[in-house]
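> Predicted model and sequence below, questions to follow.
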Amino acid sequence: MLDTSQIILGPWEKKEQMNVMALWNEEVGKRFPMSKRLLAQNSFDNPDVYFEGSRVAKEKDSGRLVGFCVTKIHHHIDHPSRSYDKRGWVQTLLVRSSHRGRGIGTLLLNEAEASLRRSGIRQVQIGADFFHYFPGVPSEDVHTRKWFEKKGYVPSGEEFDLLFEGDNKWILSEDPSVRFPILKPEERDRLLTFLSRTFPGRWEYEAHHYFRSGGTGREFIVAKENENIIGFCRINDPSSPVLGPNVSWYPSFNGTLGGIGPLGISPEYRGKGLGKKIVARGMRVLFDRGVSHLVIDWTTLVDFYSKLGFSVWKSYTRYQKEWGSMEGGVS
């Protein structure tokens, strides 16, 4: 039996931030370099962090941090949907490599699951949370995937991050009926109404959060027929008021990283090539702002984006675990 008697679990507190960032960067920073801003935004200041189920693991004698686990429950801020009432997330779980195989990860996961269950959660996903780092477990981490499978987690699909390097030379064909301008500050409510009607849920919530965080519209390209919004494309860079998941790993790049997505076209206008055009417009805007690389995160549309010059950069396997009744909330 594994012995964790020399390990103590402590609360997830802001005072641990620098130690957590140091451990993260020691272990996985070459692939996923953590910044202070990103860690604070996603794992300490975010309203969905479930502090009751999040813990740090320390050596009892030295107090040295050897692992941590962050859990989340969605709190419906600016988000009327109840579709996440029974769903929780393990945002991240990390154990120092020198301390693996001692049961510390199991101790952290058991504590997280027990706390989530007590709160009424009936489905747990690994990653894919609001303000996530990963949409699943990095597919190259075979040992980690097998570990979660032994803990009862079931794979439910593969997701990809895509990368574009080079110059955007796309020339948009003129279309007198549809334009692709940057959203004006005074058009905020029109965009939110469009999202509420056409894409209610996560994208609508993220847009509300963006404006609440000081966004002016600079990060949205909209498709307009006359003056009606019929589509949108989110664009990000490290100077955006919210650090989007497609620019999370900007310290990896020499030069400025930009992000594309999410993207949505109103159903009645799909099949007309507007998706490609609005993405190309977003790419052009970002390159004009001095971006040198572009990332699209969390997508399965590899073939679609490959037509615009994107290729697979990272891949992830989604995992989830369910228990009890799933009625009344998970979609």
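Sure, I can see it. Numbering: from 1, shown residues only.
> all contacts plus neighbour counts: C-alpha atoms, from now on.
Will do.
> Which of the three states applies to the residue nearest the centre of the chain?
Note on the chain: the residue nearest the mean C-alpha position is residue 132, at 3.1 Å, using C-alpha atoms, centre = their mean. Per DSSP: H, G, I helix; E, B strand; the rest coil, the secondary structure class of residue 132 is coil.
> Same check on residue 63?
Following three-state DSSP, the label given to residue 63 is coil.
> dump the residue contacts of it.
Contacts for residue 63 (C-alpha atoms under 8 Å, 6 or more residues apart in numbering) come out as none.
> how about stretch 196-212: buried residues?
196, 198-201, 203-211 (16 or more other C-alpha atoms under 10 Å).
> Backbone dihedrals for the residue nearest to the centre of the chain, please?
Note on residue 132: its backbone torsions stand at phi -90, psi 160 [degrees, to the nearest 10].
> swap in residue 250?
phi -60, psi -30.
> Spatially nearest residue to it, not counting backbone neighbours?
Of all residues not flanking residue 250 in the chain, residue 257 sits nearest, at 5.6 Å (C-alpha to C-alpha, 6 or more residues apart in numbering).
> how close does the nearest residue to residue 177 once chain neighbours are set aside get to residue 135?
Ranked by C-alpha to C-alpha, 6+ apart and with sequence neighbours excluded, the top spatial neighbour of residue 177 is residue 225, at 5.5 Å. In this view, residue 225 and residue 135 are 33 Å apart by C-alpha to C-alpha, to the nearest Å.
> which of these two has more neighbours?
When residue 225 and residue 135 are compared for neighbours, residue 135 comes out ahead with 26 against 15, by other C-alpha atoms under 10 Å.
> ok but that one is inside a strand, no?
No: looking at residue 135 with three-state DSSP, it is coil, so not inside a strand.
> My guess is residue 132 contacts residue 91. True?
Yes: with contact defined as C-alpha atoms under 8 Å, residue 132 counts as touching residue 91 (6.6 Å).
> hang on, the earlier thing: quick one: contacts for the residue nearest to the centre of the chain?
42, 91, 245.
> got it, and residue 161?
Taking C-alpha under 8 Å, 6+ apart, we find residue 161 in contact with 295, 296, 297, 298, 299, 312, 313, 314, 315.
> Surely the last one is in contact with residue 159?
Put plainly, it is residue 315. Yes: the pair residue 315 / residue 159 is scored as a contact, 5.8 Å apart, by C-alpha under 8 Å.
> Next, the residue nearest to residue 177: phi, psi?
phi -110, psi 110.
> Repeat that for residue 9.
phi -100, psi 130.
> distance of it from residue 273?
Noted for residue 9: a distance of 53 Å to residue 273, by C-alpha to C-alpha.
> Looking at those two, which one has more neighbours?
When residue 9 and residue 273 are compared for neighbours, residue 9 comes out ahead with 19 against 10, by other C-alpha under 10 Å.
> Residue 23 versus that one, what's the distance?
Residue 9 sits at a distance of 16 Å from residue 23 (criterion: C-alpha to C-alpha).
> ok, the residue nearest to residue 113 when sequence neighbours are not counted - contacts?
Once flanking residues are discounted, residue 113 sits nearest to residue 53: 7.5 Å by C-alpha to C-alpha, 6+ apart. By C-alpha under 8 Å, 6+ apart, residue 53 lies in contact with 70, 71, 72, 111, 112, 113, 114, 115, 116.
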